[in-house]
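>>> Build me a model from this:
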Amino acid sequence: MSSEKHLGRGSSFPTLPDDGKLVLLSMRFCPYAQRVHLVLDAKGIPYHTIYVNLTNKPEWLTQKSPLGKVPALELANEPGRPTIYESLVVCEYLDEKYKTRPLLPKDPLQKARDRILIERFNQVISSMYKVFLQGLDSGPGSLTDIVQGLDLYEKELKNRDTPFFAGKEPGMLDYMIWPWCERADMLEYLVGNKYEMDQDRFPKLIKWRSQMKSDPAVQKTYLSGETHAKYIQGRRIGAPDYDMLV
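The predicted model follows:
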């Protein structure tokens, strides 16, 4: 990932080379932005990254992203340099626009099934963030909710009998759920030994996570559980350190 600092209030939009490359507005610890990084890197699409401070947002952010959120992708190679946003919208646009290494299934039914699994993972995300931000104070059943939510994905990998959801290499479903599976490693630092993936219950997912960590696109944005935990601990007290890695 870039070593650039996150731009905040009072900053100017950076001057970039007029090289036609896409421009991604991102935040180093944002899982939704990481989705777009993963797709761009997996497909080998060249792009510039601008990191944004989401606590003290730059005044120009809403000109690029009307909701004031990241990720947002400026299409520098399109007339008027339009910007698109919402991670799933951006990722599907990229997969349709750039034909190198298709990430979505060609079969319409399989594509629909994968999209359903991406949507259903939101339930796991919700349970995870309760624990990330509130610890076990979020309720005694929070960790149980995470585990039960993952059962569906263990079953799916077993049924597909492939290393990744997409087959021999990661596809859209793999990359869309990965950011939160990466962040699951922070639970060791947030709740100690009270959470560990059951090797008997999740053999396929555990192997999948290990293989995902070796994927070249994942390695470009990967951060350790300890690093993610430090960022989340800052968020808990309302003082996230966006530039801790700079």
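>>> Look up the closest residue to residue 183, ignoring the ones flanking it.
Leaving aside its chain neighbours, residue 183 sits nearest to residue 228 (5.1 Å; criterion: C-beta to C-beta, 6 or more residues apart in numbering). Where you see a C-beta, it was placed from the backbone N, CA and C, and this is true even at glycine.
>>> Doesn't that neighbour belong to a helix?
Yes - assessed with DSSP: H, G, I helix; E, B strand; the rest coil, residue 228 lies in a helix.
>>> need the contact list for residue 71.
Neighbour list for residue 71: 24, 25, 26, 30, 32, 33, 35, 36, 85, 87, 90 [criterion: C-beta atoms under 8 Å, 6 or more residues apart in numbering].
>>> Who wins on neighbours among the residues you listed?
Using other C-beta atoms under 10 Å as the neighbour test, those are led by residue 36, with 29 neighbours.
>>> which helix in this protein runs the most residues?
Once the chain is assigned using DSSP state H, the helix that runs over the most residues is helix 108-134.
>>> looking at this, residue 51 is in a strand?
Yes - counting by three-state DSSP, residue 51 is part of a strand.
>>> Number of residues surrounding it?
The burial count assigned to residue 51 is 25, neighbours taken as other C-beta under 10 Å.
>>> Quick check: nearest residue in space to it, chain neighbours excluded?
Excluding its sequence neighbours, the residue lying closest to residue 51 (C-beta to C-beta, 6+ apart) is residue 6, at 4.3 Å.
>>> how close does the one you found get to residue 81?
Using C-beta to C-beta, to the nearest Å, residue 6 is found at 22 Å from residue 81.
>>> So the two - more neighbours on which side?
Using other C-beta under 10 Å as the criterion, residue 6 and residue 81 rank with residue 6 on top: 22 against 11.
>>> quick one: contacts for that one?
Residue 6 touches 27, 28, 51, 52, 53, 54, 242, 243, counting by C-beta under 8 Å, 6+ apart.
>>> Where does the last one sit: helix, strand or coil?
Following three-state DSSP, the label given to residue 243 is coil.
>>> need the contact list for the residue nearest to it when sequence neighbours are not counted.
Spatially, and ignoring its direct neighbours in sequence, residue 243 is nearest to residue 5 (5.1 Å; C-beta to C-beta, 6+ apart). Residue 5 is in contact with 51, 242, 243, 246, counting by C-beta under 8 Å, 6+ apart.
>>> from these, which single one is nearest residue 199?
Of all the contacts of residue 5, residue 242 has the smallest distance to residue 199: 35.4 Å, by C-beta to C-beta.
>>> How much space separates the residue nearest to that closest one when sequence neighbours are not counted from residue 53?
The shortest distance from residue 242 to any non-neighbouring residue, by C-beta to C-beta, 6+ apart, is to residue 6 (4.1 Å). Distance from residue 6 to residue 53, counting by C-beta to C-beta: 4 Å.
>>> intersection of neighbour lists for these two?
Overlap of the contact sets of residue 6 and residue 53 (by C-beta under 8 Å, 6+ apart) consists of 27, 242.
>>> Residue 35: what's it in contact with?
For residue 35, the contacting residues are 71, 87, 88, 90, 91, 175, 176, 179, by C-beta under 8 Å, 6+ apart.
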